[in-house]
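**Q** This is a predicted model, with the sequence first.
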Amino acid sequence: MDQQRVSQIALNFIPGIGHMLVKQLVSYCGSAEAVFNTTKGKLLKIPGVGEHTARLISSDKVLKKAEAELTICEKQGVQILLYTDKGFPKRLKQINDAPSLIYVKGHADLNSQKVVSIVGTRKATEYGKRLTQEFIEQLVPHNPLIVSGLAYGIDIAAHKASLKSNLPTIGVMASGIDIIYPAIHRETAYKMLENGALITENPIGSKPDAHRFPARNRIIAGMCDAVIVIEAAKKGGALITANIANSYNKDVFAVPGDLNNEFSEGCNALIKSHQAHLIQSAKDIEYIMNWEASVSNSTPALFDTDSLEGNEKLVVEELLKQKDSILIDNLSWSTQLDPSKLASILLNLEFKGYVTSLPGKRFRLAVKK
């Protein structure tokens with residue numbers, strides 16, 4: 001068993017240690033395994049580590065618990081993705097309070113080119129359910145990954161509509177991966193595994209306690225490019241997700257509703273306070289997000305890189321190697337160009353028609369139909 005992996009999982013089993021402290025410990029000590037080999041005296045010098053935490057780290061109980069967890073996950077076909085793993089959702093990794101690991105069951109690409117989260121009230125009206133299905137059907141040409149929370153109402157409507165449209169969909173859970181909540185959605189959840197996935201940050205056997213839902217909402221917000229709020233009361237999980245998404249600088253969309261309907265109050269308030277774009281159809285999303293339909297059927301323009309000089313040529317040649325869009329940070333690393341200088345180069349290339357900018361500080365070569 002990979003001891004480095006066991007150690008990183010074990011850190012999450014230490015009571016009172018949050019995801020940010022897990023990452024801080026690994027950063028200070030050099031690796032997760034090194035954390036458990038660090039003396040108590042040195043641990044106490046790390047910000048956020050007190051006597052109680054240092055004593056728990058010095059015990060081998062959490063290491064044994066992590067080994068048992070890995071064994072159970074292997075038997076159940078569950079993958080544990082660490083934030084240092086290549087397959088960990090890149091969008092989620094960018095947020096400050098991202099989980100240090102997630103449990104994944106299914107076959108979805110967590111780093112799909114386009115990811116949309118759809119949320120709303122658990123007491124959805126027929127109007128809200130119909131709009132959910134219509135929006136998802138309109139988004140089919142973009143082949144997005146649809147994310148929601150597997151809850152009653154708009155959430156489950158989004159998952160079912162995705163399945164109907166053959167789009168991959170992910171259910172973010174507030175429980176352990178082995179506990180489907182609510183149980184009535186178990187059949188839909190199993191169908192989602194074929195072309196999508198279930199994910200959670202909670203260990204095997206965790207019950208869907210109330211405090212886990214707001215934490216779950218940050219993952220729904222962090223994983224996507226855009227959040228769509230279909231119906232929402234003036235208080236509730238959907239509004240929490242929208243507010244979190246805004247704090248992450250994600251684009252938020254809300255459907256305007258009947259002034260006399262309590263489940264329109266939240267959406268109308270988001271629009272009124274300029275915290276969400278008003279949405280009437282998927283065309284509004286395409287416009288705001290600068291999405292080109294059927295990009296998969298488009299081909300990069302044939303560029304004459306010989307007409308470019310220096311760093312501009314370097315950047316275009318690097319983009320030619322990419323099968324998909326690339327984060328500006330990753331492009332900076334691969335070209336060894338300073339991020340601020342690279343941003344200026346990309347802007348010039350965009351003016352010249354070589355590059356297209358995408359949400360989330362992603363870039364790709366311009367395409368032609």
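**A** Nice, thanks for sending it over.

**Q** Count the residues that sit near N143.
**A** For N143, the neighbour count with other CB atoms under 10 Å is 16. Every residue, glycine included, has its C-beta placed from N, CA and C.

**Q** how close does it get to Q113?
**A** 8 Å (CB to CB, to the nearest Å).

**Q** Y287 now?
**A** 18 Å.

**Q** show me what contacts the residue nearest to F36 when sequence neighbours are not counted?
**A** Of all residues not flanking F36 in the chain, S7 sits nearest, at 5.7 Å (CB to CB, 6 or more residues apart in numbering). S7 sits next to S31, A32, E33, V35, F36, L63, A66 when contact means CB atoms under 8 Å, 6 or more residues apart in numbering.

**Q** what about S7, which SS state?
**A** When classified by DSSP: H, G, I helix; E, B strand; the rest coil, S7 comes out as helix.

**Q** Tell me the confidence at it?
**A** In this model, S7 is scored at 92, pLDDT.

**Q** returning to that earlier point: ok, Y287 and Q113, which is more surrounded?
**A** Higher neighbour count among Y287 and Q113: Q113, with 19 against 10, using other CB under 10 Å.

**Q** quick one, phi/psi of the more buried one?
**A** Backbone torsions of Q113, given as degrees, to the nearest 10, read phi -60, psi -40.

**Q** isn't it right up against E292?
**A** No: using CB atoms under 8 Å, Q113 is not in contact with E292; the gap is 11.1 Å.

**Q** low-confidence ranges in the stretch 151-300 of the chain?
**A** 293-300 (pLDDT under 70).

**Q** now the strands: where do they sit in it?
**A** 169-172, 197-200, 226-229, 251-254, 277-278, 299-300 (DSSP state E, counting those that start in this stretch).

**Q** List the pairing partners of the first one within its sheet, with orientation.
**A** Okay, so that is strand 169-172. Here strand 169-172 is paired, per DSSP bridges, with strand 145-148 (parallel), strand 197-200 (parallel).

**Q** could you dump those strands to JSON lines with mean neighbour count?
**A** Output for the strands paired with strand 169-172, formatted as JSON lines (neighbours: other CB atoms under 10 Å):
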{"stretch": "strand 145-148", "mean neighbour count": "28"}
{"stretch": "strand 197-200", "mean neighbour count": "25"}
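
**Q** Could you dump the ones you listed into a markdown table with distance to I244 added?
**A** Shown next, in a markdown table, are those (distance: least, CB to CB, whole Å):
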| stretch | distance to I244 |
| --- | --- |
| strand 145-148 | 13 |
| strand 197-200 | 17 |
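
**Q** What's the mean pLDDT across the lengthiest helix in the chain?
**A** Longest helix in the chain, counting residues (DSSP state H): helix 61-76. The pLDDT scores in helix 61-76 average 93.

**Q** Other residues contacting that helix?
**A** By CB under 8 Å, 6+ apart, helix 61-76 touches 1, 5-7, 9-11, 13-14, 36, 56, 78-80, 103, 105, 177-178, 203-204.

**Q** which of those count as buried?
**A** 5-7, 9-11, 13-14, 36, 56, 78-80, 103, 105, 177-178, 203-204 (16 or more other CB atoms under 10 Å).
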